[in-house]
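**Q** Quick one, what's the 3D model for this:
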Amino acid sequence: MNKTLLKELCTIDGISGREHAVREYILDKLNGSSAPKEVTVDALGNVLVHLYGKNEATATVLFDAHMDEVGFMITNINDDGSLCFSTVGGIENEALFGRRVRVGNINGVIGGKPVHQCSAEEKNTVPKAEDMAIDIGATDKHEAEALVAIGQGGTFVSPLCELSNDLFFAKAVDDRIGCAVLLSLAEKQPERDVWLSFSVQEEIGCRGAKVVGESVKPQVAIAIDATTAADIADSTEKTCVCRVGGGPVVSFADRATLYDEELYMRIRSLAEDANIPTQTKTRIAGGNNAAALQRSHTGVKMAAVSLPCRYIHTASCTAAWRDAEALESLILLLAERLTL
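**A** Below you'll find the model as predicted:
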């Protein structure tokens with residue numbers, strides 16, 4: 001795993017529908033690769049890569065990762081210069097208050113009513129997003145309007161930082177980890193043809209993946225993503241979805257998709273034979289681009305391979321480097337074996 005690559009990808013801002021900076025970075029990296037390929041960008045902004053192998057594949061196999069991240073959009077500018085916003089993607093209210101954010105190149109802080117002005121009931125209730133505002137330091141509406149615009153997107157400010165025991169945290173690990181893995185896959189010519197998609201708007205309903213599925217028409221597809229790991233304090237085997245450090249997660253089902261059983265078993269078996277640790281979810285939870293891809297054109301044999309991640313959809317998505325490395329190794333293996 002190229003740590004510098006992932007750090008750079010996580011630092012870029014790119015909420016759903018505003019992925020242009022991420023896309024430009026990815027296109028630049030693809031242009032720097034000598035592997036034979038055809039790269040196109042569709043009308044929605046998905047980046048499609050037909051990676052030509054030394055031989056033609058017997059099946060059309062697609063690997064997908066989404067470029068977008070959760071964040072917010074500016075919906076109004078108040079007279080005092082503070083910014084009203086609406087979240088983009090699933091962000092819990094608890095993850096917002098007091099966070100450092102960025103709108104374009106303007107820094108800000110999400111705030112709300114100070115505690116000494118709150119009623120007894122309010123002190124015991126997490127404020128809703130619509131009751132918070134972004135403070136960019138502007139003194140009035142006119143000054144704020146010169147810095148930001150209604151409809152502009154923003155994200156958390158949280159550079160990748162290392163933790164103990166091989167762990168790290170950053171914003172946008174969901175799903176820049178998938179983008180990093182696909183860029184690694186695109187560096188060398190595979191044995192057989194494979195398709196890659198860097199898709200848009202996953203966080204607001206897997207919209208880009210639907211277009212990708214109709215365009216590429218894969219027979220087999222693998223969604224690469226990050227997934228919730230509830231292995232935090234006081235978790236039990238029943239409440240824990242998967243564990244950071246346990247290897248990439250191969251899903252048999254989530255709330256949006258029932259995965260192909262044969263493909264699920266084959267991936268677990270190939271990983272075991274290659275001494276790549278894997279795990280699966282112990283609860284049916286979450287969802288990803290697999291839902292849209294599986295139901296595209298005439299149907300797709302679908303699998304999902306994900307990085308276990310604590311505190312997902314926050315400024316501090318926490319994961320393990322060893323899991324990231326195992327995820328990359330597994331995807332590289334599948335790119336060779338699933339195209340047979």
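**Q** Tell me where the stretch 51-200 of the chain has helices.
**A** Assigned by DSSP state H, counting those that start in this stretch, the helices in the stretch 51-200 of the chain fall at 120-123, 141-145, 173-185.
**Q** Would you single out the least confident of these?
**A** Mean pLDDT is lowest for helix 120-123 among those, at a mean of 59.
**Q** Pairing partners for residue 161 in the sheet, please.
**A** Beta bridges link residue 161 to residue 169, judged by DSSP bridges.
**Q** hang on, residue 267 packs against residue 337?
**A** No. Using CB atoms under 8 Å, residue 267 makes no contact with residue 337, being 9.1 Å away. All C-beta atoms are positioned from the backbone trio N, CA, C, and that covers glycine.
**Q** so where is this structure shaky, pLDDT-wise?
**A** Low-confidence segments of the chain, defined by pLDDT under 70: 113-124, 234, 236-238.
**Q** re earlier: who's more crowded, residue 267 and residue 337?
**A** residue 267 (26 against 16; other CB atoms under 10 Å).
**Q** For the more buried one, what is the enclosing helix or strand?
**A** In the assignment (DSSP states H and E), residue 267 maps to helix 261-273.
**Q** Give me the contacts around that helix.
**A** Residues outside helix 261-273 that contact it (CB atoms under 8 Å, 6 or more residues apart in numbering) are 220, 247-248, 250-252, 277-278, 280, 301-303, 305, 330, 333-334, 337.
**Q** quick one: which of the helices of the stretch 51-200 of the chain is nearest residue 2?
**A** helix 173-185 (6.7 Å; CB to CB).
**Q** Hmm, residue 167 and residue 322 touching each other?
**A** No. Using CB under 8 Å as the test, residue 322 is too far from residue 167 to be in contact (9.4 Å).
**Q** hang on, the earlier thing: please identify the most buried of the helices of the stretch 51-200 of the chain.
**A** helix 173-185 (a mean of 27; mean count of other CB atoms under 10 Å).
**Q** Quick one: list the elements packing against that helix.
**A** Under the contact criterion of 3 or more CB pairs under 8 Å, 6 or more residues apart in numbering; DSSP states H and E, helix 173-185 touches helix 3-11, helix 20-31, strand 61-66, strand 194-199, strand 220-228, strand 301-309, strand 317-320, helix 321-337.
**Q** Any chance of these in CSV with distance to residue 90 as columns?
**A** As requested, these are arranged in CSV below (distance: least, CB to CB, whole Å):
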stretch, distance to residue 90
helix 3-11, 18
helix 20-31, 19
strand 61-66, 14
strand 194-199, 17
strand 220-228, 11
strand 301-309, 14
strand 317-320, 13
helix 321-337, 22
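**Q** looking at these, which is closest to residue 148?
**A** Distance to residue 148, taken as CB to CB, is lowest for helix 20-31 among the helices and strands packed on helix 173-185, at 16.5 Å.
**Q** okay, the angle between the closest one and strand 194-199?
**A** Put simply, helix 20-31 runs at 160 degrees to strand 194-199, going by axes from the mean of the first three to the mean of the last three CA atoms, to 10 degrees.
**Q** what lines up beside the helix or strand that helix 20-31 is followed by in the sheet?
**A** Per DSSP H and E, the first helix or strand lying C-terminal to helix 20-31 is strand 37-41. Using DSSP bridges, strand 37-41 pairs in its sheet with strand 47-51 (antiparallel).
**Q** mind listing what's buried in the strand it pairs with?
**A** Buried residues in strand 47-51, counted by 16 or more other CB atoms under 10 Å: 47, 48, 49, 51.
**Q** and which of these is nearest to residue 174?
**A** Nearest to residue 174 among the buried residues of strand 47-51, counting by CB to CB, is residue 47 at 17.9 Å.
**Q** Residue 9 touches residue 173, doesn't it?
**A** No. Using CB under 8 Å as the test, residue 9 is too far from residue 173 to be in contact (9.2 Å).
**Q** wait, which of the helices and strands packed on helix 173-185 is closest to residue 85?
**A** Nearest of these (CB to CB): helix 20-31, 19.3 Å.
**Q** relative to strand 61-66, how tilted is that closest one?
**A** 140 degrees.
**Q** Could you name the helices and strands sitting against helix 20-31?
**A** helix 3-11, strand 37-41, strand 47-51, helix 173-185, strand 194-199.
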